[in-house]
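Undergrad: with the input below, show me the fold.
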Amino acid sequence: MTFELICEIEPPTKPDLKHVRHQIGTMSTIAHSFLIPDNHIGRATVSSVAVAHEVEAMGGRGIACLNSRDRNLLGFRRDLLTAAAYGVDQFLFVYGDKPTSGNRTSDLTVRSMIEEARAFSPDLRLGAAAGLRSLPAWKHAADFLFLQVSYSVEAQLRWREEHPADVPVYAGVMVLASERHAHTLAGAIPDIGIPDDLVRRVAADRMAGVEAACEQVLALRESGAFAGVHLIPVSRYRDVESRLSALLRPS
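TA: Numbering: from 1, shown residues only. Below you'll find the model as predicted:
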């Protein structure tokens, strides 16, 4: 079975896709598909459906993330129609981070988005996010799961063993870009558990976070417990591609 590498793209906050195209072109050597966030960390970005279409136009496979935070039922149906017109058929549905401006809508939940999308087309491939805790029964209706980012392979493997799922599960791996990045993540995700040793190494060497993420990808592949990883290179996608393309190359 192929161990899939799903690389997350940093979507643009301005109407310019040049940087997106560069990320796709660079990481296409290692990526099986690309995940495009939806107004991630509460900031407005170019539509994930539009960027997923751009991925497809460049010969890749795109997964458009859609959050329940920013849309009502009519808006969600518009997104599904737009995606169908663009040929985008893979989605990750999430709750959504706290918005930096405006309010959260309560019209939809991830569960209702899955149900609505199934009614729209049974051919869509739909995913949901899973935290490092008990998995709600309704999430087993998803076609795949993205497990929360963790800096502990042991914690990820323990969750996989304790929470069996009959669908592909992709473990979350994020490059720790800097000491400041570590503090930001710890504030946003209290249970993320970033090792102090890793924070010290990253503070002393800007490549330490890239090396740690690549080592984690290899360890997860060797474990055989996951269908692949959801890799978030942050701004270090060139370094990640360079390192992983060498490590994953058949000997």
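
Undergrad: verify the contact between Asp229 and Val173 for me.
TA: No Asp there; residue 229 is Val. Yes - under the criterion of CB atoms under 8 Å, Val229 makes contact with Val173 at 5.0 Å. Every C-beta, even on glycine, is put in place using the N, C-alpha and C of the backbone.

Undergrad: pick out whichever of the two has more residues nearby.
TA: Val173 (27 against 24; other CB atoms under 10 Å).

Undergrad: phi and psi next, for the more buried one.
TA: When read as degrees, to the nearest 10, the backbone of Val173 gives phi -130, psi 120.

Undergrad: residue numbering should commence at 183 henceforth.
TA: Right, with 183 as the first residue, what we last looked at is Val355.

Undergrad: low pLDDT regions in the stretch 183-332 of the chain?
TA: Along the stretch 183-332 of the chain, segments meeting pLDDT under 70 span 279-286.

Undergrad: strands of that one, start to end?
TA: Using DSSP state E, counting those that start in this stretch, the strands of the stretch 183-332 of the chain run over residues 186-190, 215-218, 244-249, 272-276, 307-312, 326-331.

Undergrad: and the longest helix for the protein?
TA: helix 390-405 (DSSP state H).

Undergrad: identify each buried residue in that helix, please.
TA: 390-396, 398-400, 402-403 (16 or more other CB atoms under 10 Å).

Undergrad: likewise stretch 233-240?
TA: 233-238.

Undergrad: over to stretch 316-333?
TA: In terms of neighbour count (16+ other CB under 10 Å), stretch 316-333 has its buried residues at 317, 321, 324, 326-333.

Undergrad: repeat that for stretch 200-211.
TA: For stretch 200-211, a neighbour-count test (16+ other CB under 10 Å) marks 202-203, 205-206, 208-210 as buried.

Undergrad: among those residues, which two are most distant?
TA: Spatially, the most separated pair among the buried residues of stretch 200-211 is Val202 and Ser210, at 12.3 Å (CB to CB).

Undergrad: now the helices: where do they sit in this protein?
TA: With helices called from DSSP H, the chain shows them at 200-209, 230-239, 255-268, 292-302, 335-344, 361-370, 378-386, 390-405, 419-429.

Undergrad: so can I have CSV of those helices showing distance to Glu186?
TA: What follows is the helices of the chain, written out as CSV (distance: least, CB to CB, whole Å):
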stretch, distance to Glu186
helix 200-209, 13
helix 230-239, 15
helix 255-268, 21
helix 292-302, 21
helix 335-344, 15
helix 361-370, 24
helix 378-386, 25
helix 390-405, 10
helix 419-429, 13
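
Undergrad: of all those helices, which one is nearest Gly313?
TA: Nearest to Gly313, of the helices of the chain and by CB to CB, is helix 335-344 at 8.9 Å.

Undergrad: buried residues, the closest one. List them.
TA: 335, 337-339, 341-342.

Undergrad: Val313: how many residues sit nearby?
TA: Actually, residue 313 is Gly. It isn't Val. 13.

Undergrad: just Asp271 next, same as before
TA: Asp271: 18 neighbours (other CB under 10 Å).

Undergrad: report the contact partners of it.
TA: Neighbouring residues of Asp271 by CB atoms under 8 Å, 6 or more residues apart in numbering: 265, 303, 305-307.

Undergrad: list just the nearest of those residues to Val292.
TA: Closest to Val292, out of all of the contacts of Asp271 and judged by CB to CB, is Leu306, at 14.4 Å.

Undergrad: residue contacts, that closest one?
TA: Applying CB under 8 Å, 6+ apart, the residues near Leu306 are 271-273, 299-300.

Undergrad: neighbour-wise, which of those residues leads?
TA: Phe273 (28 neighbours).
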